[in-house]
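> the sequence isn't on hand, but the structure is:
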Ligand code: F6P
């Protein structure tokens, strides 16, 4: 009797999602004789029972496509906006799963998706996940698909910014995605030859950054490229934010809490422009003209790289094999040369940030890149 498999993509999109859907689907249909349906727009599609047939033809011609043919959303099963309310839709999802007589649900996503999938697994669903995100910050896997493509895009952007920064004798501050982990900024910064790389893992001192730029200038290089992760903080900004958060936590009555919350929102609003503020500060401290380039969602769009297609396909086919064996409650992880199942409870609630003793950090320091701290 054939097994019935549902598949969805959740969280921010990422190059390689379609390659992964195709990998799971082709192996499920061809190698194991399963039946596959897709759910649209992440966990919301499960709630609303919006499906897409994935019976063969739909899986052709999608390997090189960016985005996800299924659509995605950041909805959480247990906290979903419904009309003007936020509701726990877990039971509705369980009903949909049972109505389709599913034997397995494949969830493709980043850290948040692993958590949501684990929640559904705890409610009895046979869940299995794949790790995707351009941030490469999912725990327990060597690599997530999407990262390699974004790395290429960010590196090419830095390459292009070099010639214009050089021609105008300017600083160019380039903001790279990664709220909590600096893999992308660090990787692209090294590969693109940035002079300064600022990461969420290492708080920076703007004076130290300016000193590095001034030293380059004295050596005859009157331009600099500063690659900054969107989650990087100066020591001062980090202190302000921490203080404002602490005040909300420690508020003794409703009035104090309200005041502290408004103050925190103000601090967070100002910090949304921290890359622009950094650029202005560097102008003041160096006397050089500085420009900002925010790469944003360009890093997530378009055709996946060969490495991402390969990784996503391998993860996808391994996933179909695990479903066939009846292995659930796991994320399929890339470990060395293998694709291995890792229990979801070992993945959720963790984030793979750049360890301070990581080889990429040492490499950057060894070639004289300033990381803002020394
Ligand atoms: O998690 C991937 C990511 O691209 C992060 O790098 C970025 O901080 C975030 O998503 C942006 O999310 P959104 O597309 O919802 O604005």
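Here it is on my side, so go on. On a predicted model such as this, the values are computed, not experimentally measured, just so you know. Numbering: from 1, shown residues only.

> all contacts plus neighbour counts: C-alpha atoms, from now on.
Noted.

> which bits of the stretch 51-200 of the chain sit near the ligand?
Counting by CA under 6 Å from any ligand atom, the stretch 51-200 of the chain comes close to the ligand at 133-135, 177-179.

> nearest to residue 80 among those residues?
Within these, proximity to residue 80 (CA to CA) peaks at residue 133, which comes in at 21.8 Å.

> quick check: phi and psi at that closest one.
The phi/psi pair for residue 133 (degrees, to the nearest 10) reads phi 170, psi 140.

> just residue 210 next, same as before
Dihedral angles (degrees, to the nearest 10) for residue 210: phi -60, psi -40.

> my guess is it contacts residue 288, does it?
No: contact criterion CA atoms under 8 Å: residue 210 and residue 288 do not qualify, at 10.1 Å.

> out of the residues of the stretch 51-200 of the chain next to the ligand, which end up buried?
133-135, 177-178 (16 or more other CA atoms under 10 Å).

> in CSV: those, plus distance to residue 104, pLDDT and secondary structure.
CSV is the format used below for those (distance: CA to CA, whole Å; pLDDT from 0 to 100; DSSP: H, G, I helix; E, B strand; the rest coil):
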residue, distance to residue 104, pLDDT, secondary structure
133, 22, 98, coil
134, 26, 98, coil
135, 27, 98, coil
177, 33, 98, coil
178, 31, 97, coil
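
> pull the most distant pair out of the residues you listed.
133 and 177 (10.9 Å).

> what are the pairing partners of the helix or strand where residue 38 lies, and which direction each?
Under the criterion of DSSP states H and E, residue 38 resides in strand 35-39. Using DSSP bridges, the strands paired with strand 35-39 are strand 4-9 (parallel), strand 51-53 (antiparallel).

> the first one: how far from the chain's middle?
If I follow you right, that is strand 4-9. Mean C-alpha position of strand 4-9 versus that of the full chain (CA atoms, centre = their mean, to the nearest Å) differs by 21 Å.

> what does that strand contact?
17, 21, 34-43, 68, 70-72, 100-109 (CA atoms under 8 Å, 6 or more residues apart in numbering).

> how about stretch 270-290?
169-173, 175, 206-207, 209-210, 213-214, 228, 230, 233, 237, 291-292.

> that stretch and the ligand in contact?
No: using CA under 6 Å from any ligand atom, we find that stretch 270-290 stays clear of the ligand, coming within 11.9 Å at best.

> pull out the buried residues from that stretch.
271, 274-276, 278-279, 281-283, 285-286, 288-290.

> inside helices: which ones of those residues?
271, 274-276, 278-279, 281-283, 285-286 (DSSP state H).

> which of those sit farthest apart?
271 and 286, at 22.2 Å, using CA to CA across these.

> and the strands paired with strand 35-39 as CSV, adding mean neighbour count?
What follows is those, written out as CSV (neighbours: other CA atoms under 10 Å):
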stretch, mean neighbour count
strand 4-9, 26
strand 51-53, 16
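
> need the ones you listed in a markdown table (columns: mean pLDDT and distance to residue 164).
Shown next, in a markdown table, are the strands paired with strand 35-39 (pLDDT from 0 to 100; distance: least, CA to CA, whole Å):
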| stretch | mean pLDDT | distance to residue 164 |
| --- | --- | --- |
| strand 4-9 | 98 | 38 |
| strand 51-53 | 95 | 46 |
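
> kind regards, and thank you for your time.
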